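Colleague: Kindly generate the corresponding structure for this input.
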Amino acid sequence: MIGTLTDVPSAWWYTLDGVVMNRLARCDGHVTSAKEARVEVEKGWARWCEAADLAPSHA
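Modeller: Okay, here's the model as predicted:
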């Protein structure tokens, strides 16, 4: 999930929701653009897929 912060101009939040990341990697935070947010979520998804021995889908 990616969204804008309403109280901070030009700030975006991101989280990889619904996937238990616990000890694998943290995948949430704040960045300055939607593109950066997407990159962070994609990196987290790739780490999860690698740990689960699955190939990520790039739809």
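Colleague: make it CA atoms for all contacts and neighbour counts henceforth
Modeller: Fine.
Colleague: ok, now how distant is the most centrally placed residue in the chain from residue 9?
Modeller: Among the residues of the chain, the one closest to the centroid is residue 41, at 2.1 Å (Cα atoms, centre = their mean). Per Cα to Cα, to the nearest Å, residue 41 is found 21 Å from residue 9.
Colleague: now residue 49
Modeller: As defined by Cα to Cα, residue 49 lies at a distance of 33 Å from residue 9.
Colleague: Between those two, tell me which one has more neighbours.
Modeller: Shown here are residue 49 and residue 9; by other Cα atoms under 10 Å, residue 49 has more neighbours (14 against 9).
Colleague: isn't that one right up against residue 55?
Modeller: Yes. Between residue 49 and residue 55 there is a contact under Cα atoms under 8 Å: 6.0 Å.
Colleague: looking at the sheet around residue 13, what are its partners?
Modeller: Counting by DSSP bridges, residue 13 forms beta bridges with residue 3, residue 30.
Colleague: How about the contacts made by it?
Modeller: Residues near residue 13 by Cα atoms under 8 Å, 6 or more residues apart in numbering: 2-5, 28-31, 37.
Colleague: out of these, which is most surrounded?
Modeller: Most surrounded of the contacts of residue 13: other Cα under 10 Å gives residue 37, at 24 neighbours.
Colleague: Can you name the residues that contact it?
Modeller: 2, 12-14, 30-31.
Colleague: can you do 10 Å?
Modeller: Residues near residue 37 by Cα atoms under 10 Å, 6 or more residues apart in numbering: 1-4, 11-15, 28-31, 43.
Colleague: Now the helix or strand harbouring it - C-alpha only, PDB.
Modeller: Secondary structure from DSSP states H and E places residue 37 in helix 34-51. The C-alpha coordinates for helix 34-51 follow below in PDB (Å, rounded to 0.1, in the frame of the first residue of the first chain):
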ATOM      1  CA  ALA A  34       5.300   7.800  -5.000                       C
ATOM      2  CA  LYS A  35       8.100   6.300  -7.200                       C
ATOM      3  CA  GLU A  36      10.300   5.900  -4.100                       C
ATOM      4  CA  ALA A  37       7.500   4.300  -2.200                       C
ATOM      5  CA  ARG A  38       6.800   1.800  -5.000                       C
ATOM      6  CA  VAL A  39      10.500   0.900  -5.100                       C
ATOM      7  CA  GLU A  40      10.600   0.300  -1.400                       C
ATOM      8  CA  VAL A  41       7.500  -1.900  -1.500                       C
ATOM      9  CA  GLU A  42       8.900  -3.900  -4.500                       C
ATOM     10  CA  LYS A  43      12.200  -4.400  -2.600                       C
ATOM     11  CA  GLY A  44      10.300  -5.700   0.400                       C
ATOM     12  CA  TRP A  45       8.200  -8.000  -1.800                       C
ATOM     13  CA  ALA A  46      11.300  -9.400  -3.500                       C
ATOM     14  CA  ARG A  47      12.900 -10.100  -0.100                       C
ATOM     15  CA  TRP A  48       9.800 -11.900   1.100                       C
ATOM     16  CA  CYS A  49       9.600 -14.000  -2.100                       C
ATOM     17  CA  GLU A  50      13.300 -14.900  -1.800                       C
ATOM     18  CA  ALA A  51      12.800 -16.000   1.800                       C
END
